[in-house]
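Trainee: Turn this into a structure:
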Amino acid sequence: MSASALAPAVQAFDNVAERFDTRFGEWLSVAAQRDAVRSELLRAFPPGSRILELGGGTGVDAEYLTLHGRTVQLTDPSPAMVRIAAHRLAPTGAPTPCVSTAEDIGSLAQRLGTFDGAFSNFAGLNCVRELQPVAQGLAQLVRPGGRAMLVIFGTVSLGEWIVELVRRRPRNAFRRFSTTDVPARLGGCDFTVRYHRKHDVVRAFAPWFTLAGTKGIGIAVPPSAAEPWISTYPRLVRGLARCDRLIAGPLAFLGDHVMYDLLRTAGTA
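Mentor: Next up, the predicted model:
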């Protein structure tokens, strides 16, 4: 795929692929949220599970799960991200990552076969305007009884309100209220994101998936907008992460991200 053919959001992440882990990987708020997601994934997918990852980026989550006894097929729309992930995953024996958008994931069904489940971490699906093609594609790849664990931006992030208002950026503080495309910029590229509501997710994934539950990711732990300042207080971040473990279920809607646990029904795709 040529660079000129990439969608704006994909081009943005392609541009920052080489420095992505250096830029975001060392931030403690990101690490705390990632740890929370991984704990849920390990509970959802027992050792031996075959899992499909959407928007796997540089492969850090796929590597982690592979080293913990799961087989992860990573996909990502960015060719540069996939190259980095392939290099990282090669020593683990994980399957070769594939270049694919989430919307086109169903086209890989014949090639990749059936999975015990799928997941997407850190809001890759917020770069997708319509979720129904993603849902229908996953219905072709995830076996009945399997699960799709999708981590999507929350729409009521108290942490983001606080950080952005302190920085005198009210437009950023309340951008998640928008039900239309919201401008974003990364790697010198302008693109848009969509803040999906819970009812939008449920509707898009029916009738192939039903919602089994939600978990808040980053309720007390602040969003990355609080970086790099919050990383200078590691004890505080650890304390906030412990708080999140207590409130992740009942206060899921307040998360910087929300994990949707979707159960694959017996319906055909």
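
Trainee: can we go C-alpha only for contacts and neighbour counts from here?
Mentor: OK.

Trainee: all helices of the protein, in order?
Mentor: Applying DSSP state H to the chain gives helices spanning 8-16, 20-24, 28-44, 60-67, 79-89, 109-112, 132-141, 158-166, 170-173, 198-205, 234-247.

Trainee: just flag whichever of these has the lowest average confidence.
Mentor: In terms of average pLDDT, helix 20-24 trails the rest of the helices of the chain, at a mean of 86.

Trainee: how far away is F115 from A266?
Mentor: In this view, F115 and A266 are 14 Å apart by CA to CA, to the nearest Å.

Trainee: Who has more neighbours out of the two?
Mentor: Remark: of F115 and A266, F115 carries more neighbours, 22 against 14, as counted by other CA atoms under 10 Å.

Trainee: ok, what's across the strand from D190?
Mentor: Beta bridges link D190 to R185, judged by DSSP bridges.

Trainee: Just give the number of residues close to it.
Mentor: Around D190 there are 13 residues (other CA under 10 Å).

Trainee: List the residues that contact it.
Mentor: P8, A9, A12, P183, A184 (CA atoms under 8 Å, 6 or more residues apart in numbering).

Trainee: ok, so what distance separates it from V99?
Mentor: Counting by CA to CA - D190 and V99 are separated by 22 Å.

Trainee: quick revisit: closest to L141 out of the contacts of D190?
Mentor: A9 (24.6 Å; CA to CA).

Trainee: what's the neighbour count on the closest residue to the closest one other than its chain neighbours?
Mentor: Leaving aside its chain neighbours, A9 sits nearest to F191 (5.3 Å; criterion: CA to CA, 6 or more residues apart in numbering). Neighbour count for F191, taken as other CA under 10 Å: 18.

Trainee: Look up how far R197 lies from F191.
Mentor: For F191, the distance to R197 equals 20 Å [CA to CA].

Trainee: What of E227?
Mentor: E227 is 26 Å from R197, by CA to CA.

Trainee: and if you look at F20?
Mentor: 28 Å.

Trainee: what's the answer for D244, then?
Mentor: Taken as CA to CA, the span from D244 to R197 is 21 Å.

Trainee: of these two, who's got more company?
Mentor: Here D244 and R197 are compared on neighbour count by other CA under 10 Å; more neighbours surround D244, at 24 against 17.

Trainee: ok, the more buried one - contacts?
Mentor: Contacts of D244 (CA under 8 Å, 6+ apart): G216, I217, G218, I219, A220, V221.

Trainee: Not counting sequence-adjacent ones, nearest residue to R197?
Mentor: Leaving out its chain neighbours, the residue that sits closest to R197 by CA to CA, 6+ apart is T155, at 7.0 Å.

Trainee: for G69, that is, sorry about that
Mentor: P47 (4.9 Å).

Trainee: what residues are up against the one you found?
Mentor: Counted by CA under 8 Å, 6+ apart, P47 has contacts H68, G69, R70.

Trainee: what do you get for V202?
Mentor: Contacts of V202 by CA under 8 Å, 6+ apart are T210, L211.

Trainee: let's see 7 Å
Mentor: L211 (CA atoms under 7 Å, 6 or more residues apart in numbering).

Trainee: With G55 instead?
Mentor: T75, D76, P77, S120, G124.

Trainee: Touching, the second one and G56? I think so.
Mentor: Yes. Under the contact definition of CA atoms under 7 Å, D76 touches G56, with a separation of 5.5 Å.

Trainee: Could you tell me which residues touch both of those two?
Mentor: Contacts common to D76 and G56, judged by CA under 7 Å, 6+ apart, are absent.

Trainee: How many residues are close by the residue nearest to V30 when sequence neighbours are not counted?
Mentor: Excluding the flanking residues, the one nearest V30 by CA to CA, 6+ apart is S224, at 6.4 Å. Neighbourhood size, S224 [other CA under 10 Å]: 21.

Trainee: One more: the one 4 residues further on?
Mentor: Close neighbours of P228, defined as other CA under 10 Å, add up to 14.

Trainee: And for C127?
Mentor: Count around C127 with other CA under 10 Å applied: 19.

Trainee: And it, how close does it get to A225?
Mentor: 18 Å.
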